[in-house]
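Colleague: Just to be clear, the model below is a prediction. Sequence and coordinates:
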Amino acid sequence: MPYQLIDTADGRVLGTLTDEQFQELTDALEEESLDDRDYYLNVDTVDMLEDQAVDEGLVKLLRTALGDRDEIDVSWQEI
């Protein structure tokens with residue numbers, strides 16, 4: 001099942017993740033609870049994901065989502 005990644009600041013859809021990409025993201029990032037559907041990302045986090053050799057498409061999507069910002073809050077939803 002694919003997932004949409006959403007910018008929580010403005011509700012803009014940032015892109016679609018495959019099951020595998022979503023699993024890599026959730027495995028690498030900390031969730032505050034079982035119901036947690038958002039993540040804080042910054043440049044260092046994306047660099048860490050790249051160093052862990054996660055999917056290149058996921059890293060590219062996250063870098064594009066950051067744009068010229070240093071940090072971003074993203075949420076996800078199943079589609």
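Modeller: Here it is on my side, so go on. Numbers count the residues shown, from 1 in each chain.

Colleague: Buried ones in stretch 4-15, by neighbour count?
Modeller: Buried residues in stretch 4-15, counted by 16 or more other CB atoms under 10 Å: 5-7, 14-15. Bear in mind the C-beta positions are built from the backbone N, C-alpha and C, glycine included.

Colleague: Which elements pack onto the longest strand seen in the chain?
Modeller: Secondary structure of the chain per DSSP state E: the longest strand is strand 71-78. For strand 71-78, the packing partners by 3 or more CB pairs under 8 Å, 6 or more residues apart in numbering; DSSP states H and E come out as strand 3-7, strand 38-42, helix 56-66.

Colleague: State the pair within the buried residues of stretch 4-15 that is farthest apart.
Modeller: Asp7 and Gly15 (10.3 Å; CB to CB).

Colleague: buried stuff in the longest strand of the chain?
Modeller: For strand 71-78, the neighbour count (16+ other CB under 10 Å) marks 72, 74, 76 as buried.
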